[in-house]
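Engineer: Generate coordinates for the sequence data below:
(2 chains)
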Number of protein chains: 2
Amino acid sequence: MQKVSAGIDIGGTNTAVGIVDDNANILAETSFPTSSHPVLEEYVKTLADTINSLIKMVGDDLELRGIGIGAPNGNYYKGTIEFAPNLPWKDEVHLADEIKKYFSCKVIVTNDAKAATIGEMVYGGAKGMKNFVMITLGTGLGSGIVANGQLIYGADGFAGEYGHSIAIENGRECGCGRRGCLETYCSATGIKRTVYELLASNRCESKMRDIPYEKLTSKDIYDFAKQGDKIALKAFDFTAEILGKKLADLATILSPEAVFLFGGLALAKDLIVEPTKQYMEQNLLPVYRGKIKVLPSALLGTNIAVLGAAALVH
Amino acid sequence: MQKVSAGIDIGGTNTAVGIVDDNANILAETSFPTSSHPVLEEYVKTLADTINSLIKMVGDDLELRGIGIGAPNGNYYKGTIEFAPNLPWKDEVHLADEIKKYFSCKVIVTNDAKAATIGEMVYGGAKGMKNFVMITLGTGLGSGIVANGQLIYGADGFAGEYGHSIAIENGRECGCGRRGCLETYCSATGIKRTVYELLASNRCESKMRDIPYEKLTSKDIYDFAKQGDKIALKAFDFTAEILGKKLADLATILSPEAVFLFGGLALAKDLIVEPTKQYMEQNLLPVYRGKIKVLPSALLGTNIAVLGAAALVH
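Structural biologist: Model prediction:
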């Protein structure tokens, strides 16, 4: 009997569901709208039906060894989602308990960045590593930390919010209500903010002067940089500088073997991964120099959120 | 047969040796000069003789379960001391291997701050805690990190150098060759540097204006603060502000249950512990607020270096 896991990635818009084997193959996947289920019990019924129908599609001789879920503000210790601003269920909802009404296997909840971290460890470039850091450069900056071979959850399950460490004192406004958080600089949104700062402070030509703020994407900035746009190139350089300095700082706490970069911005490999490594090296305490790899995730381009959630079961 | 451990604290000047029982009682202790033994083999012979004579002093029916050593630049993984600037043995010396020539029990080496961290976990206020941080405020700032119930050593054994994270970009010169490291602000030396900065930038009276830089100690600053000296009080407040902000930053990575403060500066409890907690709270990401304790070490005033080294054996 083949053993499989279900990986669930709960986003504000859609919920992606995949059935994953032990070799990181997604055997079947689908998605359904999250927001059309304002009552948790109804949402979980749809989720359970979806998992069961996917398993039937794959074959009859499958054993579901567990269900892993990555969700914003997912709490590993409690199996809850707590005060997630972009999800329909407010306050604290007991997601794992609700799912267990339909399945007898184990059900594990964590946040999306931690799910990606587990994905990298089980299926990706961090196989066999005992100490590494995962940085996801999406709309915000997520992080996951592995030390002594274990993911760090902290006292309350909310360790690994490095996107909200302070990069620049009294810097840019952050959605968390504070100022200068790393993710206001190093994320898809952050690099866009940098572009408009540079358009204001520099006089050089740029095609981005014709694009309204709301329309510009980090992919556009990458494309312009590839065409030699000076503002776009400077924006990548500044992003790498801030990230490199903050990774040097992180090393003083964790001394990791490697840092993996994932997410939309990490796809711009030559413009972000190598420059970040150089800035990190320049700012490292001497004892760490030349020891820490900065690598693109080996799972770039895959649905790491589903894979990582499935890997939570391991 | 009573089981005991030997705890060794190797400093640049002296080596302290203690025989410790499982209830954190130092049954016998002594010390001898480190620097008078420039050859490692001779140093270890003296150390072995010292341990054996202390054990004989305590009684005949003792079983030595292990030897723990805290030393500057001690490497847990390799049992070595590496490039310690203030010790007589240069480059990398294989301390544990050398000691094992005299004893059949286990021999464990780490640095002094990590030994103190283990001491707090085994004998002190962190008993039963799975996630906490130890900060030692001595000449420099040392740190030890416990996550998931385990001390974090990192990929190379040198995790936990938070004293060399950057507190203020392009700030004060640090002994490590970089600028703005936390320990240039938050340590016995750091608060002294702050005093002289404040004497220069403020016009108010202070008895410290009569004391040369080389003569002022952090204990003096504490005594002046207790007498109401405004510069001394401001220096404590500034130290707490920097430390509080950096502990708020550390929380985004580790989300610890508690932070323990140890060392000379931590003895100034009301002037440093409570203000640091307040500044940390003001700067925390909302999800962590009200959750993280800031406490003086429960072992303040004891020889935590020897106790912690002995506790390494556990």
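
Engineer: what's the distance between stretch A:203-216 and the middle of its chain?
Structural biologist: 28 Å (CA atoms, centre = their mean, to the nearest Å).

Engineer: buried ones in that stretch?
Structural biologist: Of the residues in stretch A:203-216, A:206, A:208, A:211, A:216 count as buried by neighbour count, 16 or more other CB atoms under 10 Å in any protein chain shown. Yep, even glycine has a C-beta here, placed from its N, CA and C like the rest.

Engineer: ok, the closest residue to the first one other than its chain neighbours - how many residues close by?
Structural biologist: Translated: A:Ser206. Of all residues not flanking A:Ser206 in the chain, A:Ile231 sits nearest, at 4.1 Å (CB to CB, 6 or more residues apart in numbering or on different chains). The tally of other residues near A:Ile231 (other CB atoms under 10 Å in any protein chain shown) stands at 23.

Engineer: What helix or strand is A:Ile231 located in?
Structural biologist: helix A:230-254 (DSSP states H and E).

Engineer: Tell me which stretches of the stretch 51-200 of chain A form helices.
Structural biologist: Assigned by DSSP state H, counting those that start in this stretch, the helices in the stretch 51-200 of chain A fall at A:95-100, A:112-123, A:188-201.

Engineer: Pick the most deeply packed of those.
Structural biologist: helix A:112-123 (a mean of 28; mean count of other CB atoms under 10 Å in any protein chain shown).

Engineer: returning to what we had before: what's the first helix or strand after the helix holding A:Ile231?
Structural biologist: Taking DSSP H and E, what comes next after helix A:230-254 is strand A:258-262.

Engineer: counting contacts, what elements does that next one pack onto?
Structural biologist: When contacts are defined as 3 or more CB pairs under 8 Å, 6 or more residues apart in numbering or on different chains; DSSP states H and E, strand A:258-262 packs onto helix A:112-123, strand A:132-137, helix A:269-283, strand A:293-296.

Engineer: tell me the angle of the longest one relative to helix A:230-254?
Structural biologist: Here the directions of helix A:269-283 and helix A:230-254 differ by 50 degrees (axes from the mean of the first three to the mean of the last three CA atoms, to 10 degrees).

Engineer: try the second one
Structural biologist: Between the axes of strand A:132-137 and helix A:230-254, defined by the same axes, to 10 degrees, the angle is 150 degrees.

Engineer: pLDDT (mean, whole number) over strand A:132-137?
Structural biologist: On average, the pLDDT along strand A:132-137 is 96.

Engineer: Now do it: distance to the chain's middle.
Structural biologist: Distance, stretch centre to chain centre, for strand A:132-137: 7 Å (CA atoms, centre = their mean).

Engineer: Show me the contact partners of it.
Structural biologist: Residues outside strand A:132-137 that contact it (CB atoms under 8 Å, 6 or more residues apart in numbering or on different chains): A:112-113, A:116-117, A:120-121, A:126, A:141-146, A:162, A:186-188, A:243, A:247, A:250, A:254, A:256-266, A:272, A:297.

Engineer: quick one: strands adjacent to it?
Structural biologist: The strands that strand A:132-137 pairs with in its sheet are strand A:141-147 (antiparallel), strand A:258-262 (parallel) (by DSSP bridges).

Engineer: Out of those, which one sits most buried?
Structural biologist: Note that of the strands paired with strand A:132-137, strand A:141-147 is the most buried (mean count of other CB under 10 Å), with a mean of 27.

Engineer: so who does A:Pro85 touch?
Structural biologist: Here A:Pro85 is in contact with A:Pro72 (criterion: CB under 8 Å, 6+ apart).

Engineer: Which pLDDT value goes with A:Lys45?
Structural biologist: The predicted local confidence for A:Lys45 is 97.

Engineer: do the same with the one 5 residues further on
Structural biologist: Reading off the per-residue confidence, A:Thr50 sits at a pLDDT of 97.

Engineer: What distance do you get for it to A:Glu63?
Structural biologist: 18 Å (CB to CB, to the nearest Å).

Engineer: who has more neighbours, the two?
Structural biologist: A:Thr50 (17 against 10).

Engineer: Which residue is the nearest non-sequential neighbour of that one?
Structural biologist: Closest to A:Thr50 by CB to CB, 6+ apart is A:Val17, at 5.1 Å.
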